[in-house]
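take this sequence and fold it.
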Amino acid sequence: MHFLNREQEKALITGELGKPDSRLIVLYGRRRIGKSALLRQVLDDQVVYYLADINEAQVQRSFFAAQVADMIPGFDQPVYLDWNTLFRQMNQMLKRHITVMIDEFPYLVRSSPELPSVIQKIIDLGQNSRFHLVLCGSSQQMMQGLVLDRSAPLFGRAHRIIQLQPMRCKWLLQALQIDPAAAIEEYSVWGGIPRYWELRSEYASLNEAIRELVLDPYGILHEEPLRLFMDDLRYAVQPFSISSLIGQGCNKLSEIAGRLNKPATSLNRPLQNMIATGYVKRDVCWGEKVKNSKKTLYRILDPLSRFFFTFVVPNQSKLSSGHVDLVMDEIKSRWKLHVSETWEELCRESVSHLEIDGHRFLPAQRWWQQSRKQGSAEIDLISESTDGSVLLVGEAKWQSRVRPESLLRDLDDKISCLDLSKKYDRVFKLLLLPGIKEKTEGDILWRNAEFVCSGPD
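Got it, this is the predicted structure:
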């Protein structure tokens, strides 16, 4: 599969590397998101590329010096007893300006905790005058701590910090050469991670890929979420337990705490870490104050992790016993419900690139109520225009046999439950169905899977 998109990130990196004075660039993001592939896109023959590992510091310096020797013949002959000496010697011996890229930088820091302070010193003293430095890593929490924490040695030294985000569904559509509705189903398993797309492309069908990659105990992605947690979260046991409960439908903090038999306050830190690293999202009911609202639901944001904790974790005994067919039957019976969650989230994201009569909209939120007097109701997406003058209210249904007029009547009933203390000039209604024909009738808009898979990068 050829390299897709990342044009903005490539432009940012090449722009920095094209400057005459030495630059420090930090690139980080979860594993398999495409960091190394992106770096390879900007490499040229004036680059020392070093992939760190778990070896001891002296061994790492030896391997690093061997890479530098491609630029400086004989550089790997001496034994460098510390990183400061190595970097200073390299800078003195370079005949031209180069770029030094260190991939999986957190591995290097584990074996050499002093390294961030060493790099701070050579930057502050101008001892890297002949090389740019690019630091790359998969441990998001550690990378953030190294460059964003005010107490960290490298805080304020980086000229560019890029956190690589999952790619949008529109690129999966191109990668697998499929139609928009099929892309949304695929996205509900693989999400926006290019490496997962590459693995998926090796199989004839989505079901076959799920069986071989995820359900099979020997599958490459069978334990992927656990490996992600080990990369990004200091203690993986509690996040794993929280995700398992969310995957089984426990979306409220009180429910999660009750099932774990722990006070809700003890879960604040692990949940915040899971949100910061992009595995969990905190949904606050529209109209509520984000900071202290109790009308909050937690859900797994990463599609593969959501699939894993919904179907794999509860069925580990069956899968270990070779009963993959039984689990596949369960997946098929619950498939539409699973895809609908991804569909709703993609629909909420699509609101940000929607324009109606010159109005653009803020990120969409959900709204729900549960009361004895008014009963229960839920609206899939609500968003104010950026100027606050109009409101957009919408429903997103992953169904092919829905009567549009019935869906519109249901939406009108739900809108009547809203406490619209603020007066809006107009209220637009957005109906999203995967296969419906796009049209606009007055204040009512109909949009489909193609719309959801389009928009900016």
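
so residue 99 touches residue 50, yeah?
No - if you go by CB atoms under 8 Å, residue 99 and residue 50 don't touch, sitting 11.4 Å apart. Using the backbone N, CA and C atoms, a C-beta is placed for each residue, glycine as well.

look at these two and report which has more neighbours.
Higher neighbour count among residue 99 and residue 50: residue 99, with 22 against 19, using other CB atoms under 10 Å.

what mean pLDDT does the helix or strand that contains the more buried one have?
For residue 99, the host element (DSSP states H and E) is strand 98-103. The average pLDDT within strand 98-103 is 94.

just stretch 298-308 next, same as before
What stretch 298-308 shows for mean pLDDT is 95.

alpha carbons only: can I get that stretch in PDB?
Output in PDB follows, covering the C-alpha atoms of stretch 298-308 (Å, rounded to 0.1, in the frame of the first residue of the first chain):
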ATOM      1  CA  TYR A 298     -17.100   7.400  28.800                       C
ATOM      2  CA  ARG A 299     -16.500   5.400  25.600                       C
ATOM      3  CA  ILE A 300     -13.600   3.800  23.900                       C
ATOM      4  CA  LEU A 301     -12.500   6.100  21.100                       C
ATOM      5  CA  ASP A 302     -10.000   3.900  19.300                       C
ATOM      6  CA  PRO A 303     -12.000   1.600  17.000                       C
ATOM      7  CA  LEU A 304      -9.700  -1.500  17.200                       C
ATOM      8  CA  SER A 305      -9.700  -1.200  21.000                       C
ATOM      9  CA  ARG A 306     -13.500  -0.900  21.100                       C
ATOM     10  CA  PHE A 307     -13.800  -4.000  19.000                       C
ATOM     11  CA  PHE A 308     -11.300  -5.800  21.100                       C
END
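
can you give me the end-to-end span of stretch 382-395?
Using CA to CA, to the nearest Å, the end-to-end distance of stretch 382-395 comes out at 9 Å.

before we move on, what about stretch 166-182?
For stretch 166-182, the end-to-end distance is 19 Å (CA to CA).

what's the answer for stretch 418-436, then?
First-to-last residue span, stretch 418-436, CA to CA: 27 Å.

what's the average pLDDT for that stretch?
Over the span of stretch 418-436, the pLDDT mean works out to 89.

from residue 297, how far off is residue 101?
Separation of residue 101 from residue 297 (CB to CB, to the nearest Å): 41 Å.

ignore the last one, residue 91
Residue 91 is 53 Å from residue 297, by CB to CB.

just residue 136 next, same as before
34 Å.

which of those two has more neighbours?
Taking other CB under 10 Å, residue 136 and residue 297 do not tie; residue 136 has more neighbours (25 against 17).

that one falls within a helix, correct?
No - counting by DSSP: H, G, I helix; E, B strand; the rest coil, residue 136 is not found in a helix; it is strand.

okay, and the beta partners of it?
Beta-bridge pairing of residue 136 under DSSP bridges involves residue 27.

so it makes contact with residue 106?
No - using CB under 8 Å, residue 136 is not in contact with residue 106; the gap is 9.6 Å.

how is this protein divided into domains?
7-163, 203-333, 347-452 (automatic domain parsing).

now those in a markdown table, with distance to residue 340?
As requested, the domains of the chain are exported to a markdown table (distance: least, CB to CB, whole Å):
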| stretch | distance to residue 340 |
| --- | --- |
| domain 7-163 | 25 |
| domain 203-333 | 12 |
| domain 347-452 | 4 |
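
out of those domains, flag the one nearest residue 177.
With respect to residue 177, and counting by CB to CB, the nearest of the domains of the chain is domain 203-333 at 13.5 Å.

gap between the two ends of the closest one?
Domain 203-333 end-to-end distance (CA to CA) = 22 Å.

and that domain, how far out from the chain's middle?
In terms of CA atoms, centre = their mean, to the nearest Å, the centre of domain 203-333 is set 14 Å apart from its chain centre.

before we move on, back to that, would you give the sheet partners of the strand holding residue 99, along with the direction of each?
When pairs are called by DSSP bridges, strand 98-103 turns out to pair with strand 47-51 (parallel), strand 131-137 (parallel).

list the contacts of residue 82.
Contact analysis of residue 82 by CB atoms under 8 Å, 6 or more residues apart in numbering lists residue 118.

from residue 379, how far out is it?
Distance, residue 82 to residue 379, by CB to CB: 61 Å.

could I get the full set of helices for the stretch 301-450 of the chain?
With helices called from DSSP state H, counting those that start in this stretch, the stretch 301-450 of the chain shows them at 303-307, 316-320, 324-333, 335-350, 404-415, 449-452.

list the buried residues of the longest one.
Put plainly, it is helix 335-350. 335, 338-350 (16 or more other CB atoms under 10 Å).

check stretch 111-122 too.
For stretch 111-122, a neighbour-count test (16+ other CB under 10 Å) marks 111, 112, 115, 116, 118, 119, 120, 122 as buried.

now the fourth one, nearest residue through space, not along the chain?
Yep, that's residue 116 we're talking about. Nearest non-adjacent residue to residue 116, counting by CB to CB, 6 or more residues apart in numbering: residue 153, 4.3 Å away.

my read is the one you found is in a helix, agree?
No - counting by three-state DSSP, residue 153 falls outside a helix, being coil.

burial of residue 323, as a residue count?
Counted with other CB under 10 Å, residues neighbouring residue 323 total 14.

and it, what's its pLDDT?
The score at residue 323 is 96. That number is its pLDDT.

how near is it to residue 312?
Look at residue 323 and residue 312: by CB to CB, they are 13 Å apart.

go on, residue 345?
Distance of residue 345 to residue 312, given as CB to CB: 20 Å.

sorry, back to before: which strands or helices does the following helix or strand past the strand holding residue 99 pack on?
Remark: after strand 98-103, the chain's next helix or strand is helix 105-111, criterion DSSP H and E. With contacts taken as 3 or more CB pairs under 8 Å, 6 or more residues apart in numbering; DSSP states H and E, helix 105-111 sits against helix 57-68, helix 115-124, strand 131-137, helix 140-147.

in helix 105-111, which residues are buried?
Buried positions in helix 105-111, judged by neighbour count with 16+ other CB under 10 Å: 105, 106, 107, 108, 109, 111.

in CSV, list those along with distance to residue 306.
Formatted as CSV, the buried residues of helix 105-111 follow (distance: CB to CB, whole Å):
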residue, distance to residue 306
105, 29
106, 26
107, 29
108, 33
109, 31
111, 35
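
state the pair within those residues that is farthest apart.
Greatest spacing in the buried residues of helix 105-111, by CB to CB: 105 and 111 (11.3 Å).
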